[in-house]
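[1] Have a look; sequence and predicted model below, questions after that.
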Amino acid sequence: MTTTISLATRTSAPTLKRSPSPWMRIALRTLRNIPALIGFLLIVAFFFTALFANFLAPYSYDKQDLDNIEKPPSAQHWLGTDSLGRDMLSRLIYGARSSAFVVLLVTVVNLALGIPLGAAAGYFGGWLENLIMRTTEILFAFPGLLFTFLIAATIRPAVLDWARSNGFADLARSGYLDYAVVIIALGFVGWAGLARFVRGQVLTVKEREYVIGARSIGVPTWRVIGRHILPNALAPIIVALSMGMGFIALSEGYLSYLGIGLQPPNPSWGNIAAENFGRYWRTFPQFLWLVFIPGLILTLIVLAFAFFGDALNEALDPELVD
Amino acid sequence: MTRTQFIIRRVLWIIPVLFSVALITFIVMHATPGGPWDVDPNKADRRISDQLDKTFGLNKPLFFNPEAFQQAQKEGRGVIESGQAFIDAQFENYIFSLLRGDLGPSYRYRGRSVSDVIFGVQDDKPAWQSKIGTTATLGILALLFALAFGIPMGIISALKQNTAVDYASLFVVTIGYGIPSFVMGILLIIVFAVWLGVINVIEIDYWQRWQSWFLPTIVLGLPTAAFAARLTRASMLDVMRSDYIRTARAKGLGERVVVLRHMLRNALIPVVTFAGPALAGLVTGSFIIENQFGVAGIGDLFVRSVSRRDYTVIMALTLFYALLIALANLAVDIIYGFLDPRIQMGKKEG
């Protein structure tokens, strides 16, 4: 973007002010909304914690301190320890890493499937559009999270079997394949919504003069889509992604809570809550924080993505100019 | 395209959708080695499980049976019989028995058919206590709760926009939207069952007492209530700014009449339309709450059947859910067509 300096209207300005780029303006308008700002900070903190979990966590997520089993918060263990003597704070911090990993990879899967398929459907139309759109309609008929549950539960043994018989026994034991299972299960249905959305965006942009102009001077199709159509449909896609990320984090929590997502000892907020709820609900109110802190964090992350997405959506609305 | 044509097309479209759902579910279910008999490896006897496989046709190939085809050819049978032999496989057999209205036998509920497991009731209990009746009861209660709670809240916060009341309701809506239902469930179980001790889930015939339904209804309905409140508020605000409301006020109608007769009637259209998909969402989404509160409905049955590899039950339930969702979406399309004649039938939405 070129900067525009209008001297005529800014006679009183002591210095020449650069007017911010459109993206900057949208960012500023979004973050002026207090809940969105808090949400944004939470999202940043979430990814920061996930990225630097090994530096931030005082202990490893599976290190047992056998002298301190089932201890309330202390200077040594800020959030206490669970029944195996594992540091709760460390488990929660590594839980952020698990959650962020799933959120990012499922988003990548959704993007990799949803954007090309949606753009192709919208741009080319015809039988291709029919095929892609009918496929998304079929995926929409599946009972959401329940079907994710079915996929995760059935492909998990298959994936583990495959890994064991192909010389990846260590990998199968490490639990990292559980991440793959969750990501496949959530990615399988997740892209359909994005593909429909991208198609709609492409359809609205497709008939604009600049696209017709680009086509008329012989710009190749892929370039028209990549350089002219998608960038102009980008902003609403980002909104959809932000809203989707909260949903992915929530779904991962549900799957792990039900025991078919990430498996202990790998930490996930869902399985931490489930593990400790099963063990401590009788001893109420002792050790309750082991159940509610992961639940509370998950709630906050879901809300953070929702608020940020909402505010971004409002900021992108051209009717509300500041 | 006329309206009738549009509706017929949409109804017929459900058939290939359900077929695809059946096919994909079938593939996913059989992606894992093993079957319904080898859940307990200590008890499974190879000879017995082979015999069981034979009885239920699970020893046949999944999709096509070229061996039987060649056998039939060798025996010199006709084209039709050879063709039948070729598709004498698990998937086709399931589809054909489904078309005859037979959901097949359950592999894990000994001696019971799938329709008996899903629709049947034990002893002489009322019909709503079947698995499907239980889930339907829970879903309808949750929907009623969501509408009874969400709509008034949305109306009030729209009428008192940007006041403390509006913000308070926004806060409740936010919590209801963001809190995962398993966390909400844990919270309520701990408060009511453990702390206050007013609920004892282990009781016999627990679900026959109406008080028992409070907690699962609230937990299941809360996100939907939050959504209904948001929808009502947005729709009310939209209507309040419209010209006919100004006209109604200008001709001196009382505030009551304006709100009740002019605003609500129009503002509630999207909310009412939303009720169908909301019910479908509640019924398909109830499995976590059923699992948590020990409600013996189809969600709980589905979760159990997945881990026990009860193929026919999984198939029947997935198809039921898919049909429910398809019908709800169909209803929305048709209702919108009737309510708003400006919507062109058959023209796909953007």
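    Everything's here; your move. Residues are numbered from 1 along each chain as shown, chains lettered A, B, ... in the order given.
[2] How about the stretch 151-300 of chain A: which residue is closest to chain B?
    A:Gly295 (3.4 Å; C-beta to the nearest C-beta). Yep, even glycine has a C-beta here, placed from its N, CA and C like the rest.
[3] Just list the residues touching that residue, thanks.
    Listed by C-beta atoms under 8 Å, 6 or more residues apart in numbering or on different chains, the contact set of A:Gly295 reads A:269, A:273, B:179-180, B:182-183, B:186-187.
[4] What confidence value was assigned to it?
    We have a pLDDT of 85 for A:Gly295.
[5] In space, what's closest to A:Phe188 - neighbours in sequence excluded?
    Nearest non-adjacent residue to A:Phe188, counting by C-beta to C-beta, 6 or more residues apart in numbering or on different chains: A:Ile151, 5.9 Å away.
[6] before we move on, what about A:Arg86?
    A:Gln64 (5.9 Å).
[7] try B:Tyr177
    B:Ala226 (4.3 Å).
[8] A:Thr148 touches A:Leu250, doesn't it?
    No - counting by C-beta atoms under 8 Å, A:Thr148 does not reach A:Leu250; the two are 11.4 Å apart.
[9] Look at residue 58 and give its secondary structure.
    With no chain named, the answer covers chain A. Of the three states, A:Pro58 takes coil under DSSP: H, G, I helix; E, B strand; the rest coil.
[10] nope, chain B
    B:Leu58 is classified as coil under three-state DSSP.
[11] Do I have it right that B:Phe227 meets B:Gly154?
    No - here B:Phe227 lies out of contact with B:Gly154, judged by C-beta under 8 Å, at a distance of 9.8 Å.
[12] Which pLDDT does the model give B:Leu143?
    B:Leu143 carries a pLDDT score of 92 in this model.
[13] so how far is B:Val21 from the residue nearest to it when sequence neighbours are not counted?
    Leaving aside its chain neighbours, B:Leu143 sits nearest to B:Leu279 (5.1 Å; criterion: C-beta to C-beta, 6+ apart). Separation of B:Leu279 from B:Val21 (C-beta to C-beta, to the nearest Å): 19 Å.
[14] How about A:Gln201?
    Plainly put, A:Gln201 is 28 Å away from B:Val21 if you go by C-beta to C-beta.
[15] For the stretch 251-350 of chain B, which residues score under the pLDDT cut-off?
    Scanning the stretch 251-350 of chain B with the threshold set as pLDDT under 70 gives B:339-350.
[16] now the stretch 151-300 of chain A
    Along the stretch 151-300 of chain A, segments meeting pLDDT under 70 span A:281-287.
[17] at 50 what do you get?
    Within the stretch 151-300 of chain A, the set of residues satisfying pLDDT under 50 is empty.
[18] how about the residues of it near chain B?
    Residues of the stretch 151-300 of chain A found near chain B (C-beta under 8 Å from any C-beta of the partner chain) are A:151, A:153-155, A:157-158, A:161, A:200, A:203-204, A:250, A:253-254, A:257-258, A:270, A:273-274, A:277, A:281-282, A:284-285, A:288, A:291-292, A:295-296, A:298-300.
[19] Run through the neighbouring helices and strands of the helix or strand hosting B:Ala275.
    In this structure, B:Ala275 sits in helix B:265-285 according to DSSP states H and E. Applying 3 or more C-beta pairs under 8 Å, 6 or more residues apart in numbering or on different chains; DSSP states H and E, one finds that helix B:265-285 contacts helix A:144-165, helix B:131-159, helix B:214-240, helix B:311-339.
[20] between those helices, which gets nearest to B:Val272?
    For B:Val272, the closest of the helices and strands packed on helix B:265-285 is helix B:311-339, at 8.0 Å, according to C-beta to C-beta.
[21] what about the closest one, near chain A?
    Yes - using C-beta under 8 Å from any C-beta, we find that helix B:311-339 touches chain A at B:314, B:318, B:321-322, B:325-326, B:329.
[22] quick one, that helix and helix B:131-159 angle?
    40 degrees (axes from the mean of the first three to the mean of the last three C-alpha atoms, to 10 degrees).
[23] so how far is helix B:311-339 off the chain centroid?
    Centre-to-centre, helix B:311-339 and its host chain are 8 Å apart (C-alpha atoms, centre = their mean, to the nearest Å).
[24] domain ranges for chain B?
    B:3-119, B:127-230+B:274-348 (automatic domain parsing).
[25] Need the winner for burial among those domains.
    Ranked by mean neighbour count under mean count of other C-beta atoms under 10 Å in any protein chain shown, those are led by domain B:127-230+B:274-348, which reaches a mean of 19.
[26] what comes up buried for the host helix or strand of A:Thr136?
    A:Thr136 is located in helix A:126-141, with elements delineated by DSSP H and E. If you call a residue buried by 16 or more other C-beta atoms under 10 Å in any protein chain shown, then helix A:126-141 has these buried ones: A:129, A:132-133, A:135-141.
[27] any chance of these in JSON lines, plus distance to B:Leu222 and pLDDT?
    JSON lines is the format used below for the buried residues of helix A:126-141 (distance: C-beta to C-beta, whole Å; pLDDT from 0 to 100):
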{"residue": "A:Glu129", "distance to B:Leu222": "38", "pLDDT": "86"}
{"residue": "A:Ile132", "distance to B:Leu222": "35", "pLDDT": "88"}
{"residue": "A:Met133", "distance to B:Leu222": "33", "pLDDT": "87"}
{"residue": "A:Thr135", "distance to B:Leu222": "33", "pLDDT": "87"}
{"residue": "A:Thr136", "distance to B:Leu222": "29", "pLDDT": "88"}
{"residue": "A:Glu137", "distance to B:Leu222": "29", "pLDDT": "84"}
{"residue": "A:Ile138", "distance to B:Leu222": "30", "pLDDT": "84"}
{"residue": "A:Leu139", "distance to B:Leu222": "27", "pLDDT": "85"}
{"residue": "A:Phe140", "distance to B:Leu222": "24", "pLDDT": "83"}
{"residue": "A:Ala141", "distance to B:Leu222": "26", "pLDDT": "81"}
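[28] could I get those residues as a markdown table with distance to chain B?
    Putting these into a markdown table (distance: C-beta to the nearest C-beta, whole Å) gives the following:
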| residue | distance to chain B |
| --- | --- |
| A:Glu129 | 9 |
| A:Ile132 | 12 |
| A:Met133 | 8 |
| A:Thr135 | 9 |
| A:Thr136 | 11 |
| A:Glu137 | 7 |
| A:Ile138 | 5 |
| A:Leu139 | 9 |
| A:Phe140 | 7 |
| A:Ala141 | 5 |
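[29] of those, closest to B:Ser242?
    Nearest to B:Ser242, judged by C-beta to C-beta, of those is A:Phe140 at 32.2 Å.
[30] residue contacts, that closest one?
    By C-beta under 8 Å, 6+ apart, the contact set of A:Phe140 is A:192, B:325, B:329.
[31] Include distance to B:Thr55 when you put those into a markdown table, please.
    Shown next, in a markdown table, are these (distance: C-beta to C-beta, whole Å):
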| residue | distance to B:Thr55 |
| --- | --- |
| A:Ala192 | 39 |
| B:Ile325 | 34 |
| B:Asn329 | 39 |
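[32] gap between the closest residue to B:Ile7 other than its chain neighbours and B:Ala322?
    Leaving aside its sequence neighbours, B:Ile7 sits nearest to B:Ile334 (C-beta to C-beta, 6+ apart; 6.1 Å). Using C-beta to C-beta, B:Ile334 is found at 19 Å from B:Ala322.
[33] Same check on B:Phe86?
    From B:Phe86 to B:Ala322 the distance is 28 Å (C-beta to C-beta).
[34] any idea which helix or strand comes after whatever helix or strand B:Ser49 lives in?
    Per DSSP H and E, B:Ser49 falls inside helix B:46-56. Following helix B:46-56 in sequence order, the next helix or strand is helix B:66-74 (DSSP H and E).
[35] so what's the residue nearest in space to the middle of chain A up against?
    Nearest to the mean C-alpha position of chain A, by C-alpha atoms, centre = their mean, lies A:Met245 at 2.8 Å. Contacts for A:Met245 (C-beta under 8 Å, 6+ apart) come out as A:103, A:107, A:305.
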